[in-house]
Structures are given as structure tokens and as C-alpha cells.
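Asks: Okay, predicted coordinates and the sequence, questions at the end:
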Amino acid sequence: MNPAVPGAPVQVDAPTGRGDPRFYTRAMKTVILGPLPQEVEALIERRRVLGQDHLDEVWNGEYHMAPAPTKAHAYVDDELATFLHGYARRAGLFGSGPFNLGAPEDYRVPDRGLHRDRSGGTWASTAGSWCGR
């Protein structure tokens, strides 16, 4: 492990100080001002065609490509869904995995949601709109 080498794994203690050390890679933020170059548009389109854009988000018009959550994050998500399932059903809610929260020019993709109905559609304009508010 060599933190001086860009992209090399960096050993970091777990935030709680318990358990084995975790490994993270350094992330680099790229900001492109103005219209997107043709190469970036092609990259976004290729990701869409290959189905690699499911977790991409647009924040106030800025396109964000993020990797999938870690396995540890996914395990916590699954445990939380299992724990909440019975409570949610008794409250008349339906659970889902990732969904588009917002509008095409400004949206997030939360890991999970609880909804009042199973209506379809691509976009939930607000969390409240899917909760019957």
C-alpha cells in the first residue's frame, strides 16, 4: 500500500475503531464547466447502454457517477429492510430497492424506500409524493 501513488489502496481504521482495518481507494472529483465534451456524452451513453448507470444521479444539473455501495453497506441495507418489513406492512407501506427521487434534471437514487402504494413510473417528484402526501 502506497498512499503516494494515485489510486493505490489506503489503509484506514474502521470509524468505530473496532474490527479489521478497511481499505478505501482515493476518489477524484472531476468538474467540467460548460457543455459536456462529446467524449463525456459518449461515456454517459455507453454506461446507459451497458446498464451501468443505475446508480448515477443528477444534482442540480450536475451528473454524478458513483460506484455501487460496499458489501458492508449492502449487508446493513439488507438487515434494515428485513427488520423494517413487518413494521412497514402493518403501517400499509411497501418497500422497494433503489428508485429515482426527483426529476430528470435533479434526482437522487436512494438505496431503499417505503411507499404507500405500488404505483409505477420512473420519477417520484418528492418523498412525500410517494407517501401519499
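Replies: The structure has been received and is ready for your questions.

Asks: any idea how far R116 lies from F94?
Replies: Distance, R116 to F94, using C-beta to C-beta, to the nearest Å: 8 Å. All C-beta spots, glycine's among them, are computed from the backbone N, C-alpha and C.

Asks: need the helix or strand of the chain with the lowest average pLDDT.
Replies: strand 9-12 (a mean of 45; mean pLDDT, DSSP states H and E).

Asks: so where do the strands sit in this structure?
Replies: Ranges of strands in the chain, per DSSP state E, are 9-12, 22-25, 57-59, 62-64, 94-96, 100-103, 106-108, 113-115, 123-124.

Asks: Make JSON lines out of these and add mean neighbour count.
Replies: Formatted as JSON lines, the strands of the chain follow (neighbours: other C-beta atoms under 10 Å):
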{"stretch": "strand 9-12", "mean neighbour count": "12"}
{"stretch": "strand 22-25", "mean neighbour count": "11"}
{"stretch": "strand 57-59", "mean neighbour count": "16"}
{"stretch": "strand 62-64", "mean neighbour count": "12"}
{"stretch": "strand 94-96", "mean neighbour count": "15"}
{"stretch": "strand 100-103", "mean neighbour count": "17"}
{"stretch": "strand 106-108", "mean neighbour count": "15"}
{"stretch": "strand 113-115", "mean neighbour count": "18"}
{"stretch": "strand 123-124", "mean neighbour count": "17"}
